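Visitor: starting from these lines, generate the structure:
(chains A and B)
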Number of protein chains: 2
Amino acid sequence: MPMRRIRLTVEYDGTNYAGWQRQKNALAVQQVLEETLERLTGAPVTLHGASRTDAGVHALGQSAHFDTESRIPGEKFSYALNALLPHDIRVTTSEDAAPDFHARFSTCGKRYRYLFWDAPHAGALNRNTHSHSIYPLDVARMQAEADALIGTHDFAAFAASGSVVKDTVRTIWRADVARNGHEVVLIVEGSGFLYNMVRIIAGTLRDVGSGKLAPGALKKAIETGNRLDLGVTAPAHGLTLMKVFYSTEDI
Amino acid sequence: MPMRRIRLTVEYDGTNYAGWQRQKNALAVQQVLEETLERLTGAPVTLHGASRTDAGVHALGQSAHFDTESRIPGEKFSYALNALLPHDIRVTTSEDAAPDFHARFSTCGKRYRYLFWDAPHAGALNRNTHSHSIYPLDVARMQAEADALIGTHDFAAFAASGSVVKDTVRTIWRADVARNGHEVVLIVEGSGFLYNMVRIIAGTLRDVGSGKLAPGALKKAIETGNRLDLGVTAPAHGLTLMKVFYSTEDI
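Guide: This is a model prediction of the structure:
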């Protein structure tokens, strides 16, 4: 059989994994999927993911591709993989992809969600998906703050220390904050995100929403490029990679 | 100190417990709470819960009471308990209760939620809270079926086999089915529910919604009293005890 390229959409509960990317001493989602693909196809497989999500971060719409000589029809990979995978990793779609499709380099944008739970006590049922805030969050204030993100800016201040990326200019076209009861939902969409950028945005919005940080922090940090103008990085478990965009028509 | 009665509202992820009620060879939520209360108060405690939820069933609003000579102010018990409890059990409210308040016998109603996920593949992130249906569910058909539940009926057909309850008449005043994307939400409220009754209702609605069972099954079973007119009991993990009512004003 000739080599073919297959694209997967992957959902995972990141609670029990050391993130997406293969690690030496801890189990990563990529490793579980690669080992399962090798059992299925009988050959070594390298899986390329769109986003290297951190330990504890979840995905509802991670995207990945691999090359294989297997005869399994593209749309059947999801069923075959799900029969072998642990229940906290699911392949929701699989399909043949063009030979020049690349899960990481063909992206034109991503959507992330960050969930807060502002209540006197943390939730039991949502403890792995919602970041608890004992302080009430003012959603209108958070939305006004988030509006400063929209546009094309140099987000140098929003990269975790130690990040080595040179070009820190990104475009954000959506930053919405909404409340459902005790749940506060942040949705951010943009052309790309620096390492920890969404968690730094979420932490800053949380601190502005609780009154710990004065409004205007995001705007100021875009101008100064200074990480210290922003709030503490929000915990990993509140973050979910929702969707990877490959066409401007999807956005 | 004189004996006082304390009322708790309890949230739990039932995934890792053998249900609410204390068991000999498996860990129950009641046991964890009783042991934590004993550490806190230094005396044996018997906790009375409103509902004996099954293994795997969750609660956002279980209600319970206990008697104690502790000096801890009523509203402080939640904070003191949550500092000691595992993260999959949270006490969301605590308060002093009237001496004649009884979490189980003072109830006048309960609200349950059952969650389905109808999609080609099960979810990873919601695998412990949503019951997967590979068959699409017709929500309008499910709602029309559920309407037959409303009112005061003899629900003898809706009790799990082996149930020893004599009076099987119950009143149901709410049975709503709604869809959010792949999620189908059933909310049922009534004066009380027989053992497995909500899961039998959920399983029957699912089977009517997927076309496996002809519409009219709930109505027929109420008339015949025959368990065989109903669908298979739906899995425990889709069920959540949402609220226990103690006053008709709450309903």
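
Visitor: C-alpha only now, for contacts and for neighbours.
Guide: Fine.

Visitor: point out where the stretch 101-250 of chain A drops to low pLDDT.
Guide: Within the stretch 101-250 of chain A, the stretches with pLDDT under 70 are A:163.

Visitor: got the residues of it near chain B?
Guide: A:120-125, A:127 (Cα under 8 Å from any Cα of the partner chain).

Visitor: top of those by neighbour count?
Guide: For those, neighbours were counted using other Cα atoms under 10 Å in any protein chain shown, and A:Gly123 has the most, 26 neighbours in all.

Visitor: can you give the domain ranges for chain A?
Guide: A:4-97, A:109-245 (automatic domain parsing).

Visitor: next one: the last one to chain centre, how far?
Guide: This points to domain A:109-245. 12 Å (Cα atoms, centre = their mean, to the nearest Å).

Visitor: first-to-last residue distance for it?
Guide: One end of domain A:109-245 sits 5 Å from the other (Cα to Cα, to the nearest Å).

Visitor: and what of the shortest one?
Guide: Counting by Cα to Cα, the length from the leading to the trailing residue of domain A:4-97 is 8 Å.

Visitor: now do stretch A:212-220
Guide: 16 Å.

Visitor: list of residues touching it?
Guide: Applying Cα atoms under 8 Å, 6 or more residues apart in numbering or on different chains, the contact partners of stretch A:212-220 are A:141, A:145-146, A:148-149, A:201, A:204, A:207-208, A:229-231.

Visitor: kindly report the same for stretch A:19-38.
Guide: A:12, A:17-18, A:44-47, A:49, A:51-57, A:81, A:84-85, A:89.

Visitor: returning to what we had before: want to throw the domains of chain A into CSV with distance to B:Gly216?
Guide: Listed next are these as CSV, based on distance: least, Cα to Cα, whole Å:
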stretch, distance to B:Gly216
domain A:4-97, 34
domain A:109-245, 35
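
Visitor: for the closest residue to A:His121 other than its chain neighbours, give its distance to B:Pro73.
Guide: Once flanking residues are discounted, A:His121 sits nearest to B:Thr92: 6.0 Å by Cα to Cα, 6 or more residues apart in numbering or on different chains. As judged by Cα to Cα, B:Thr92 and B:Pro73 stand 15 Å apart.

Visitor: same question, A:Asp100
Guide: Distance from A:Asp100 to B:Pro73, by Cα to Cα: 66 Å.

Visitor: what do you get for A:Leu241?
Guide: From A:Leu241 to B:Pro73 the distance is 43 Å (Cα to Cα).

Visitor: ChimeraX command to pick out the buried ones of the contacts of stretch A:212-220?
Guide: Those of these that count as buried under 16 or more other Cα atoms under 10 Å in any protein chain shown are selected in ChimeraX with:
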select /A:141,145,146,148,149,201,204,207,208,229,230,231
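
Visitor: for A:Ala124, give me its contacts.
Guide: A:Ala124 touches B:11-13, B:87-90, counting by Cα under 8 Å, 6+ apart.

Visitor: just to revisit the earlier point, restrict the contacts of stretch A:19-38 to contacts with chain B.
Guide: A:12, A:89.

Visitor: now list the buried members of the contacts of stretch A:19-38.
Guide: A:12, A:17-18, A:45-47, A:49, A:51-57, A:81, A:85, A:89.

Visitor: which of these fall within strands?
Guide: Judged by DSSP state E, these include A:12, A:49, A:89 as members of strands.

Visitor: now render those as CSV, adding pLDDT.
Guide: Shown next, in CSV, are those (pLDDT from 0 to 100):
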residue, pLDDT
A:Tyr12, 98
A:Gly49, 98
A:Ile89, 98
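
Visitor: the helices in the stretch 101-250 of chain A, which residues?
Guide: A:139-146, A:197-210, A:217-224 (DSSP state H, counting those that start in this stretch).

Visitor: re the thing from before, B:Thr92 and B:Pro73: who's more crowded?
Guide: B:Thr92 (23 against 11).

Visitor: for the closest residue to chain B within the stretch 151-251 of chain A, give me its contacts.
Guide: Taking Cα to the nearest Cα as the measure, the stretch 151-251 of chain A has A:Thr240 as its residue closest to chain B, at 10.0 Å. A:Thr240 sits next to A:57-60, A:112-114 when contact means Cα under 8 Å, 6+ apart.

Visitor: how about A:Val198?
Guide: A:Val198 touches A:112, A:188, counting by Cα under 8 Å, 6+ apart.

Visitor: what's the distance between it and A:Met242?
Guide: 13 Å.

Visitor: next one: A:Ala80
Guide: From A:Ala80 to A:Met242 the distance is 23 Å (Cα to Cα).

Visitor: looking at the two, which one has more neighbours?
Guide: A direct count of neighbours by other Cα under 10 Å for A:Ala80 and A:Met242 places A:Met242 higher, at 20 against 15.

Visitor: that one touches A:Ala59, doesn't it?
Guide: Yes: between A:Met242 and A:Ala59 there is a contact under Cα atoms under 8 Å: 6.0 Å.

Visitor: residues near A:Leu228, how many?
Guide: That count, for A:Leu228 with other Cα under 10 Å as the rule, works out to 12.

Visitor: who touches it in this structure?
Guide: Per Cα under 8 Å, 6+ apart, neighbours of A:Leu228: A:Ala157.

Visitor: look up how far A:Ser161 lies from it.
Guide: Taken as Cα to Cα, the span from A:Leu228 to A:Ser161 is 11 Å.

Visitor: then A:Val198?
Guide: For A:Val198 relative to A:Ser161 (Cα to Cα), the value is 14 Å.

Visitor: and what of A:Arg113?
Guide: 22 Å.
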